[in-house]
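S.K.: Compute the structure for the input listed below.
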Amino acid sequence: MKQKNYINMSIFDIFKIGPGPSSSHTLGPMKAGNRFRAYVESLDSSVLKNISKLKIELHGSLSATGKGHGTHRAITAGVMGMTPELCNPDEVLELFTKANKIYNIKFKNFSVEFQESDICFCPILDSVNFPFANTLILKLQDSSSNTLVEKEYYSIGGGFITCKDEQEPARGEAKYLYSNFSELREIVERKNISLSQIMVENEMAITGLSFEEIKAKLKSLVDVMLKSVKNGLKSKEEFLPGSLMLRRRAKEVYNSASSKKHIMNKYLIYLNSYALAASEENAAGKIVVTAPTSGSSGLIPAIMYFLKHNMGEKKMAIVEAILAASAVGFVAKTNASIAGAEVGCQGEIGVAAAMGAALMASINKEPIHIVESSATIALEHQLGLTCDPIGGYVQVPCIERNAAGALEGYNSYFLAFSQHKNILSFDEVVQTMLETGRDMNSKYKETAKGGLATIASVRC
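M.R.: A predicted model of the protein is given here:
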């Protein structure tokens, strides 16, 4: 009999602070680089005495679209000691802007000279034998190119990384055990406790954090999300980085809401502008929060900002509602994927829309079956969505998809509360997303080898 895979994730696994534009291609590689640095510095100095080179290999869609996503800069920044939560994003963006510049990377007991040419963007065909689509290999070599230290990491979406032949750090076990949303709903109804209480008590058991510490961290997350919208709306940058020369337009869309021409639709325009604002910040490599990924980091902040600034919701109500969004993200991540490289954009924008819908239901104090129905409706209408970024940048169609997804998430709640019976469960739609992702051709999985990416390639 197959053993159940109970969900034992932290809220702060799904929601992570760091620089854009991609959780799998930027956040994950930076964490991998930082983890490699820590590993190297734990080794005996005798192992390191002949090291003179650092080499990095990028495989899968990290190779195919890594330049547009800034993977080469992110992993280098990580090896240098920068962390997603504390880094200055402008320092990361500055890496490799000068041709052939040599960086002196200092470790505890030695240093190596490193430049962009030491990073190999390996052919996609070389990546087929790895267990995950996005693989990073870091090597320390001697002057004769003999490898003395090597680590293989996998960026599995949403900023999550794993390492070959390494056990993940031990953590506590959740108080309430469930493997899917149906089991979670059954616990809520059988024990007559709230979804938010389950999420908080599980978080305390898993992380060892106190209730006050969890609340403070959640408030910090919400503050960063709201700030990403605010910063995007007031940005003075005219264009986003990269060859597309895509113009920022969040501020322009926001200002259009006040015109008489659009007075009947001003709230829709506001919500669109908020999603554009945060997504443009992500595309520019600024600090955002994965929700559940960087590529979808404009959707939930947009709904939050709208609820706070246009609907008058209190920030603490939004903080509590994020717990329901987390539950939806946990189920999708555990039973399918949130990585565009694995299941396409249905795993990023689709899951984000479902999380946003759950947040809407939660903030309106709906019972758990309405929370589930809201998430189900949002995700089912994103099934089959491909990940085909033009030029490998998280810009077109990614930014507008965040805006469309925000509207989808917001509206799905209004469709859900009038339902008399759920025909589909959230678990069934998640399973369908997984099967659809497995059937999806790899050229539609963040490789920029198909779909819109190839149709528009002539203009990039």
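S.K.: How about Gln346: what's its closest non-neighbour residue?
M.R.: Leu385 (4.2 Å; Cβ to Cβ, 6 or more residues apart in numbering). C-betas here are computed from N, CA, C, even on glycine.
S.K.: residues contacting the one you found?
M.R.: Contacts here follow Cβ atoms under 8 Å, 6 or more residues apart in numbering; on that basis Leu385 touches 344-346, 349-350, 401.
S.K.: Please list the members of the residues you listed that lie in helices.
M.R.: Counting by DSSP state H, the part of those found in helices is 349-350, 401.
S.K.: I'd like to know which of these is nearest to Gln167.
M.R.: Gly350 (31.3 Å; Cβ to Cβ).
S.K.: Looking at that closest one now. What's its pLDDT?
M.R.: pLDDT for Gly350: 98.
S.K.: which stretches of the stretch 1-150 of the chain form helices?
M.R.: Using DSSP state H, counting those that start in this stretch, the helices found in the stretch 1-150 of the chain span residues 11-14, 28-41, 45-48, 61-64, 66-69, 71-80, 89-94.
S.K.: can you give me the strands for this protein?
M.R.: Counting by DSSP state E, the chain has strands at residues 17-19, 53-58, 103-106, 111-114, 119-121, 135-141, 147-155, 161-163, 287-289.
S.K.: Figure out which of the ones you listed is closest to Pro397.
M.R.: For Pro397, the closest of the strands of the chain is strand 287-289, at 18.1 Å, according to Cβ to Cβ.
S.K.: Partner strands of the closest one and their direction?
M.R.: Sheet pairing here is set by DSSP bridges, and for strand 287-289 it gives strand 17-19 (antiparallel).
S.K.: Now do the same for the strand it pairs with: mean pLDDT, whole number.
M.R.: Taken as a whole, strand 17-19 carries a mean pLDDT of 96.
S.K.: ok, so of the ones in helices among the contacts of Leu385, who is nearest Lys219?
M.R.: Using Cβ to Cβ, Ile349 is the member of these that sits closest to Lys219, with 26.0 Å.
S.K.: So what's the residue count around the closest one?
M.R.: Neighbouring residues of Ile349 were enumerated by other Cβ atoms under 10 Å; the total is 30.
S.K.: residues touching the spatially closest residue to it that is not a sequence neighbour, list them.
M.R.: With sequence-adjacent residues excluded and distances taken as Cβ to Cβ, 6+ apart, Ile349 is closest to Gly405, at 4.4 Å. By Cβ under 8 Å, 6+ apart, the residues touching Gly405 are 275, 296, 299, 349-350, 352-353, 356, 382.
S.K.: Distance to Ser258 for the residues you listed - can I get that in CSV?
M.R.: Shown next, in CSV, are those (distance: Cβ to Cβ, whole Å):
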residue, distance to Ser258
Ala275, 18
Ser296, 28
Leu299, 24
Ile349, 28
Gly350, 32
Ala352, 28
Ala353, 27
Gly356, 25
Gln382, 31
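S.K.: Tell me the one of those residues nearest Lys151?
M.R.: The closest of the contacts of Gly405 to Lys151 turns out to be Ser296 (Cβ to Cβ; 28.7 Å).
S.K.: what about the closest residue to that closest one other than its chain neighbours, distance to Lys251?
M.R.: Distances taken as Cβ to Cβ, 6+ apart put Ala352 closest to Ser296, at 3.7 Å, once the chain neighbours are dropped. In this view, Ala352 and Lys251 are 23 Å apart by Cβ to Cβ, to the nearest Å.
S.K.: out of these two, which sits in the more crowded spot?
M.R.: Under the criterion of other Cβ under 10 Å, the comparison of Ala352 against Lys251 puts Ala352 first, with 36 against 17.
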